[in-house]
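Enquirer: Structure, please.
(one chain, ligands or ions: 1)
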Amino acid sequence: MNKDSYEAMLAEVQAFHDKHDFKNTGGEEMAYRIALMAEELGEISACVTKGKSTQELAEEVADLFILLMGTAIAQDFDLKQAFWAKMEKIMKRESKMINGRIRVSEFRD
Ligand SMILES: [Mg+2]
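Expert: Model (predicted):
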């Protein structure tokens, strides 16, 4: 398996879950996982507000990415399939400049 493939990365996250038996120890409960993801998002935010290095930012983004992949394991959905389905949708969306920043959305209203 290509070490950089999604499948290899997912297998490693699965091994991490198995190592600590997340399935039977609360590690796959969604409310807890959401709190952990919010915690990592806060750490990403702190990298920006505290002017931390790109390397530190990358580590915190990786923490969140691992949690996202683990959430796909916990909830038994195919994140790779969901990624491509969503990319196909958003690539077709329009963008608007709002308060000086670009926003890509469906702009329903
Ligand atoms: Mg972190």
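
Enquirer: So what's the residue count around the nearest residue to Lys96 once chain neighbours are set aside?
Expert: Leaving aside its chain neighbours, Lys96 sits nearest to Arg103 (5.5 Å; criterion: CB to CB, 6 or more residues apart in numbering). All C-beta atoms are positioned from the backbone trio N, CA, C, and that covers glycine. The number of residues packed near Arg103 is 12, by other CB atoms under 10 Å.

Enquirer: Nearest to the ion within the protein, name that residue for me.
Expert: For the chain and the ion, the shortest gap (CB to the ion) falls at Asp63, measuring 3.8 Å.

Enquirer: What about the nearest residue to that residue once chain neighbours are set aside, how many residues nearby?
Expert: What sits nearest to Asp63 in space, not counting adjacent residues and going by CB to CB, 6+ apart, is Glu40, at 4.6 Å. For Glu40, the number of neighbouring residues by other CB under 10 Å comes to 18.
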